[in-house]
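Asker: Quick one, fold the following:
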Amino acid sequence: MTRALKAKPGRSAAQSNALVSGSIPRTLFLFALPTLGSSVLQSLNGSINSMWVGRYLGEAALAATSNANMLMFMAFCLIFGFGMAATILVGQRAGAGNADGVRRVIGTAQGLLIPLAVAVSVLGWIFAAAVLKVLGTPPQSFALAQIYLRVLLLSMPAGMVLVMLTMALRGVGDAMTPLWAMILVAVLDMGLNPLLILGWGPVPALGIAGSAIASASANVIGLAALLVYLYRRDISIRLRGREWRYLVPDWSLVRTIGAKGVPMGMQMIVMALSSLSMLGLVNRQGVVTTAAYGAVMQLWTYIQMPAMSLGAAVSAMAAQNIGARRWDRIPRITHSGIAINIALTGAAVLVLTLVDRPALGLFLGADGTALQTAHHINVIVSWSFILFGVSMVLTSVVRANGAVVIPLLMLVVSRIPVQLGLAFALLPRLGADAIWWASACSAVAALLMSAAYYRYGRWREQTMGPPSLIEAEEEALADSNPEGRMQPSG
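Answerer: Here you go, the predicted model:
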């Protein structure tokens with residue numbers, strides 16, 4: 001796929017970037033493939049690590065990692081919205097060929113992100129035990145979850161910078177570099193996990209702490225390697241010389257990132273809180289159900305991968321086309337994204353439904369109540385991820401133009417009154433099945449609302465910044481030296 005853009009004289013990226021001029025279905029599919037590969041590796045990494053934990057440390061340890069990973073997801077959500085907003089800004093400026101604008105956004109985003117990540121990491125360490133208690137973590141898993149969570153929190157700033165840089169690379173049209181970074185992280189994590197969990201030679205057996213140390217170390221090393229690559233290859237998102245001043249936030253960009261990033265971050269928080277609430281309900285069904293739920297979530301990550309990858313690809317492609325003023329291509333991007341999602345997610349659902357018992361047995365053993373419970377959960381919920389994928393494509397398109405408030409409200413409705421409301425209402429009658437059926441109903445509600453907003457909403461009138469900021473950047477670019485323009489490298 002297209003390489004990252006370097007600042008060189010010549011044609012603008014808007015003229016030469018395949019994301020704004022190539023065949024839409026083919027370009028979208030090929031651009032999504034490396035992102036899908038990254039997702040496969042990330043999920044495979046998590047699944048293999050869970051296998052080590054579940055098989056050698058037991059169901060209580062597996063339940064502990066499920067609880068801790070959910071809290072880590074929530075911690076990421078607190079600051080992830082800023083990264084999402086910055087990525088859209090990067091994509092629009094890359095589509096317009098504005099290299100200096102890309103770096104200004106990257107600098108401001110990192111200047112905001114790093115202090116926020118450090119603050120969340122410190123607060124998470126302090127209040128880890130209190131949050132785990134509120135979550136209702138099973139007593140057998142509580143101490144293990146606390147150890148695992150606190151170790152992961154130490155690497156959170158490095159992890160967030162790594163995520164931000166890979167998102168920015170996709171925003172400028174490079175999906176391959178994030179894939180190579182993920183390969184390195186996954187190989188390190190999968191190799192270090194058994195070594196640090198079980199010990200070998202002079203390396204002591206650290207148990208669940210070893211699993212967390214392995215993941216944290218892989219993220220830190222992956223970030224270091226990515227930074228070396230960006231500077232050795234002079235990739236457009238790097239900062240040099242006077243550009244380091246961009247790390248001091250530009251408050252006009254801060255207002256834009258904040259105005260768009262807070263609602264997008266709130267969407268992630270709503271997802272996390274609703275998931276935590278659902279996990280709380282699951283925990284109250286007992287450790288067997290919690291372990292089954294943790295195992296089936298490993299399968300669901302694979303089912304969701306095509307939708308998440310396509311969402312990222314659609315968002316980058318739509319943002320670049322909006323920046324290049326190619327609105328004629330937006331409907332075709334949307335339709336292509338939906339068609340590819342239905343094909344890929346549908347195939348994933350079919351395959352994993354057919355092999356779910358053997359796959360679940362990797363985490364839970366070949367026999368037992370937990371395996372049967374996990375199979376039952378998967379049968380009820382898995383089909384709804386096809387609908388989730390369509391919703392993901394639709395919301396990715398509207399967010400690429402800065403429409404973030406209505407998608408937030410739609411998510412709130414689908415997750416709170418629909419999902420949680422139905423779960424609580426039906427729990428006395430259906431028992432644990434109420435949790436699974438409520439999740440499926442939430443996906444239906446989200447699809448209906450996102451389709452209606454895409455068709456009838458006023459999202460096309462939104463912008464990713466005030467007109468004065470956009471006009472000032474365009475005037476500065478027009479008057480700048482050729483280094484301000486962007487062109488694909490190679």
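Asker: going forward, measure contacts between C-alpha atoms and count neighbours the same way
Answerer: Noted.
Asker: Tell me the buried residues in the helix or strand harbouring Ala452?
Answerer: Assigned by DSSP states H and E, Ala452 belongs to helix 433-456. Of the residues in helix 433-456, 434-447, 449-451, 453-454 count as buried by neighbour count, 16 or more other C-alpha atoms under 10 Å.
Asker: Nearest residue to Thr35 in space, ignoring adjacent ones along the chain?
Answerer: Once flanking residues are discounted, Thr35 sits nearest to Ser309: 5.3 Å by C-alpha to C-alpha, 6 or more residues apart in numbering.
Asker: what's around the one you found, how many residues?
Answerer: Look at Ser309: counted by other C-alpha atoms under 10 Å, it has 26 neighbours.
Asker: Now do the SS call for it.
Answerer: Following DSSP: H, G, I helix; E, B strand; the rest coil, Ser309 is assigned to helix.
Asker: What's the end-to-end length of stretch 87-106?
Answerer: Start to finish, the residues bounding stretch 87-106 are 8 Å apart (C-alpha to C-alpha, to the nearest Å).
Asker: hang on, isn't Val427 packed against Ala438?
Answerer: Just to correct that, residue 427 is Leu rather than Val. No - in this structure Leu427 lies outside contact range of Ala438 using C-alpha atoms under 8 Å: 9.9 Å.
Asker: thinking again about what came up before, I'd assumed Phe31 was in contact with the residue nearest to Thr35.
Answerer: No - using C-alpha under 8 Å, Ser309 is not in contact with Phe31, being 9.2 Å away.
Asker: low-scoring stretches of the stretch 351-490 of the chain, by residue?
Answerer: Along the stretch 351-490 of the chain, segments meeting pLDDT under 70 span 365-367, 463-490.
Asker: at 50 instead, please
Answerer: Along the stretch 351-490 of the chain, the parts satisfying pLDDT under 50 run over 468, 472, 476-490.
Asker: same question, the chain
Answerer: In the chain, residues with pLDDT under 50: 1-16, 468, 472, 476-490.
Asker: The residue positioned nearest the centre of it and Ser211, how far apart?
Answerer: With distances taken as C-alpha atoms, centre = their mean, Met308 lies nearest the centre of the chain, 7.4 Å away. Met308 is 26 Å from Ser211, where distance means C-alpha to C-alpha.
Asker: Same question for Ala324.
Answerer: Computed with C-alpha to C-alpha, the distance linking Ala324 and Ser211 is 45 Å.
Asker: neighbour count winner among the two?
Answerer: The neighbour comparison of Ala324 against Ser211 (other C-alpha under 10 Å) goes to Ser211, with 27 against 22.
Asker: so what's the more buried one up against?
Answerer: The contact partners of Ser211, by C-alpha atoms under 8 Å, 6 or more residues apart in numbering, come to Asn49, Val53, Tyr148, Leu192, Asn193, Pro194, Leu196, Ile197.
Asker: same deal with Ser414?
Answerer: Contact analysis of Ser414 by C-alpha under 8 Å, 6+ apart lists Ser442, Ala443, Ala445, Ala446.
Asker: Now Asn98: phi and psi?
Answerer: phi -100, psi 90 (degrees, to the nearest 10).
Asker: Check the gap between it and Ala324 for me.
Answerer: 11 Å.
Asker: Could you do Phe363 as well?
Answerer: For Phe363 relative to Ala324 (C-alpha to C-alpha), the value is 48 Å.
Asker: can you map out the strands along the chain?
Answerer: 5-6, 487-488 (DSSP state E).
Asker: Can you name the residues in contact with stretch 387-396?
Answerer: The contact list for stretch 387-396 (C-alpha under 8 Å, 6+ apart) reads 304, 306-308, 310-312, 314-315, 334, 337-338, 341-342, 345, 407, 443-444, 446-447, 450-451, 454.
Asker: Okay, buried residues for it please.
Answerer: Using 16+ other C-alpha under 10 Å as the test for burial, stretch 387-396 gives Leu387, Phe388, Gly389, Val390, Ser391, Met392, Val393, Leu394, Thr395, Ser396.
Asker: Which single one of the residues you listed is nearest to Val134?
Answerer: Phe388 (28.7 Å; C-alpha to C-alpha).
Asker: backbone phi and psi for Trp383, please?
Answerer: phi -60, psi -30.
Asker: residue contacts, the closest residue to it other than its chain neighbours?
Answerer: Sequence neighbours aside, Val349 is the residue nearest to Trp383 in space, at 6.4 Å (criterion: C-alpha to C-alpha, 6+ apart). Going by C-alpha under 8 Å, 6+ apart, Val349 touches Ile303, Ser382, Trp383, Phe385, Ile386.
Asker: My read is that the first one contacts Ser384, right?
Answerer: This points to Ile303. No - with contact defined as C-alpha under 8 Å, Ile303 does not count as touching Ser384 (10.0 Å).
Asker: With neighbour numbers in mind, choose between those two.
Answerer: Using other C-alpha under 10 Å as the criterion, Ile303 and Ser384 rank with Ile303 on top: 26 against 18.
Asker: What residues does the more buried one make contact with?
Answerer: Thr345, Ala348, Val349, Leu352, Ser382, Phe385.
Asker: picking that back up, filter the buried residues of stretch 387-396 down to the ones in helices?
Answerer: Using DSSP state H, Leu387, Phe388, Gly389, Val390, Ser391, Met392, Val393, Leu394, Thr395, Ser396 are the members of the buried residues of stretch 387-396 that sit in helices.
Asker: does Ala175 really touch Pro34, like I thought?
Answerer: Yes - counting by C-alpha under 8 Å, Ala175 does reach Pro34; the two are 5.7 Å apart.
Asker: Looking at those two, which is more packed in?
Answerer: Taking other C-alpha under 10 Å, Ala175 and Pro34 do not tie; Ala175 has more neighbours (28 against 22).
Asker: Kindly provide the distance from the more buried one to Arg103.
Answerer: In this structure, Ala175 and Arg103 are 18 Å apart, going by C-alpha to C-alpha.
Asker: ok, now which ones touch Ala145?
Answerer: Applying C-alpha under 8 Å, 6+ apart to Ala145 gives the contacts Ala61, Ala64, Thr65, Asn67, Ala68, Leu132.
Asker: I figured the fifth one was touching Leu153, is that so?
Answerer: Right, Ala68. No - counting by C-alpha under 8 Å, Ala68 sits too far from Leu153 to count as a contact (10.0 Å).
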